[in-house]
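**Student:** Need coordinates for the below:
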Amino acid sequence: MTLDLVRIETEGRVATVTFDTGARANALSQKLMRELTEAARRFAGEPAISAVILTGRAETFTMGADLRDPEGADVRRLGLAERRVGLRTGPAMCEAWEAVDALTICAVEGWCVGGGAALAVSCDLRVASETATIYVPEVERGMNMSWGSIPRFVALVGPARAKRIAGLCEKISAQTALDWGLADHVTPPGSTLAKAREIAEAAAKLPPTALKMVKHDVNVAAFALAKATAHRDLEAFALMQQTEDFKEGVKAFFEKRDPDFTGD
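**Tutor:** Down below sits the predicted model:
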């Protein structure tokens, strides 16, 4: 696959993956998500790489899934059986990043919204700028948070805070993210990549196989029940797309007004 929106740079045992759509929102289109999945899979089982840094635009990590993406709109118009297949792009991207053998470090500048937050928590570590904000607005749009992210949020911040993030749609500042364990480091704006490289270079000095084994063991312990608890979120998301609340949530978003939900 040719990568048009994703750039991969490798120096020694450290790789840096940058995604940039050229637009301020840096939104996750179907095409971009496929490219990010491919980028992650290129490092799956790669013995020469000890750490992979993932970052977005300099001012915005990503504003989340691209609701204006024509391909995404086509998926929403499909029947349930076909839509279940079309909706796998986001979960596949997150699974691919979680499955990277090397240590993964996500550098977050500015907004990290919805699917962007799901992508960030699929990585091992997160470095956030002081001006970063993590925001999961799916419920406000009339849908559930999916992409297998709920078990990852719970593992990082616990059940109550996961409900505040994904259920109450609270905007989480960088400092709060650090206090909760959602971020591992907070840096001045514009310096997340430098901090991520510092961590990656430290990882590159360690015996690579031992580090990868520890990562694998920690993930198995942390996410032992993940598939059991997240296996239905795609079906739930597909179901929510058929509700009036979903239609109202998306319509209100485009019309820049508060939605009027009815529970239907």
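
**Student:** Low-confidence ranges, the stretch 151-264 of the chain, go.
**Tutor:** By pLDDT under 70, the stretch 151-264 of the chain has no low-scoring segment.

**Student:** what ranges do the helices span in it?
**Tutor:** Taking DSSP state H, counting those that start in this stretch to define them, one finds helices in the stretch 151-264 of the chain at 159-166, 174-180, 192-204, 208-222, 226-230, 233-240, 244-255.

**Student:** Need the contact partners of the first one.
**Tutor:** Looking back up the chat, that one is helix 159-166. 117, 134, 136, 138-139, 145, 149-150, 153-154, 157, 170, 172, 180, 182 (Cβ atoms under 8 Å, 6 or more residues apart in numbering). Every C-beta, even on glycine, is put in place using the N, C-alpha and C of the backbone.

**Student:** For residue 84, give me the pLDDT.
**Tutor:** On pLDDT, residue 84 comes in at 70.

**Student:** closest to residue 41 out of the helices of the stretch 151-264 of the chain?
**Tutor:** Nearest of the helices of the stretch 151-264 of the chain to residue 41, taken as Cβ to Cβ: helix 208-222 at 16.0 Å.

**Student:** Can you show me the CA trace of stretch 46-61 as CSV?
**Tutor:** Extracted in CSV, the C-alpha atoms of stretch 46-61 (Å, rounded to 0.1, in the frame of the first residue of the first chain):
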residue,chain,number,x,y,z
GLU,A,46,10.2,-6.1,13.4
PRO,A,47,13.3,-7.0,15.3
ALA,A,48,15.3,-4.0,14.3
ILE,A,49,12.9,-1.5,15.9
SER,A,50,12.7,-0.9,19.6
ALA,A,51,10.4,2.1,19.7
VAL,A,52,7.8,3.7,17.4
ILE,A,53,6.6,7.3,17.9
LEU,A,54,3.2,8.2,16.6
THR,A,55,2.3,11.9,16.1
GLY,A,56,-0.1,14.1,14.1
ARG,A,57,0.0,17.7,13.0
ALA,A,58,2.0,20.2,15.0
GLU,A,59,-1.1,22.0,16.2
THR,A,60,-3.7,19.2,16.4
PHE,A,61,-3.2,15.5,16.9
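
**Student:** Start at 42, not 1
**Tutor:** Sounds good: first residue 42 from here, last item stretch 87-102.

**Student:** Neighbours of the nearest residue to residue 68 once chain neighbours are set aside, how many?
**Tutor:** Ranked by Cβ to Cβ, 6 or more residues apart in numbering and with sequence neighbours excluded, the top spatial neighbour of residue 68 is residue 107, at 3.6 Å. Residue crowding around residue 107 was assessed by other Cβ atoms under 10 Å; the count is 23.

**Student:** Next up, the contacts around residue 107.
**Tutor:** 66, 68-71, 73, 113.

**Student:** So which of the residues you listed is the closest to residue 80?
**Tutor:** Of all those, residue 80 sits closest to residue 73, with 10.3 Å by Cβ to Cβ.

**Student:** tell me which element the closest one is part of?
**Tutor:** Element membership of residue 73 [criterion: DSSP states H and E] is helix 71-82.

**Student:** do the same with residue 169
**Tutor:** With DSSP H and E as criterion, residue 169 is part of strand 166-170.

**Student:** Repeat that for residue 158.
**Tutor:** Assigned by DSSP H and E, residue 158 falls within helix 156-161.
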